[in-house]
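Novice: Predicted model follows, preceded by the sequence.
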Amino acid sequence: MIHYDSSTTINRPASEVFDWLVDPVRMDRWTSMSDGRWLTGAPGRKGATIEASIHLGPITSKLAWEMTEYIPGERIAFTPLPGGLMRWFGSYDLSGDDAATVVQSTGDIRFNGPLRLLEPLVRGEVERGEAAEIEKLKAILELSQVPTTP
């Protein structure tokens, strides 16, 4: 299993940061995922399910997960649905004020089947990648010329 834990401060209100974290359509702008979409449930609510394509080097796979916690402006957590190359349990916790938001990204990833043998080899890359993603989100949100709406 690969565990990651990273944080950054984004100079934007928590409500704006949260909106980006829960929107699968915008994921391709700041993560290694693309084609994000809502599958079932009320979009952006506890119990809703999301699917996206995840790119791990030369490998692309579908990944689907369910929102297990949804507290607007404060926290989201998700758990994987069956299938795909890996199981990804994660959360984003937000704190701060109207001027700045601290984003804490925490999770555990376990590859399925024989790919589990690769976990020790890619652990550092996954940890760096997760930290880089929230830094990319920070850069996007802090650029004044980029609107924070889709």
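Specialist: Right, received. Where do you want to start?
Novice: drop to CA atoms for contacts and neighbour counts, all remaining ones
Specialist: Will do.
Novice: if I look at residue 45, how far off is residue 77?
Specialist: Distance of residue 45 to residue 77, given as C-alpha to C-alpha, to the nearest Å: 11 Å.
Novice: One more: residue 88?
Specialist: Applying C-alpha to C-alpha, the value for residue 88 to residue 77 is 11 Å.
Novice: Over to residue 118?
Specialist: Distance, residue 118 to residue 77, by C-alpha to C-alpha: 25 Å.
Novice: between those two, who's got more neighbours?
Specialist: Using other C-alpha atoms under 10 Å, the more surrounded residue of residue 118 and residue 77 is residue 77, with 21 against 10.
Novice: SS state for the more buried one?
Specialist: With DSSP: H, G, I helix; E, B strand; the rest coil as the basis, residue 77 sits in strand.
Novice: May I have the beta-bridge partners of residue 60?
Specialist: Bridge pairing for residue 60 (DSSP bridges) gives the partners residue 55.
Novice: Correct me if wrong: it contacts residue 35.
Specialist: No - look at residue 60 against residue 35 with C-alpha atoms under 8 Å: they stay out of range, at 11.6 Å.
Novice: Between these two, which contacts overlap?
Specialist: residue 53 (C-alpha atoms under 8 Å, 6 or more residues apart in numbering).
Novice: check contacts around residue 34.
Specialist: By C-alpha under 8 Å, 6+ apart, the contact list for residue 34 reads 25, 27-28, 52-54.
Novice: Ignore what I typed, I meant residue 126.
Specialist: 2, 4.
Novice: Could you confirm it falls within a strand?
Specialist: No - counting by three-state DSSP, residue 126 falls outside a strand, being helix.
Novice: mind checking pLDDT for it?
Specialist: Looking at residue 126, its pLDDT stands at 84.
Novice: Low-confidence regions, the protein specifically.
Specialist: Scanning the chain for pLDDT under 70 picks out the ranges 144-150.
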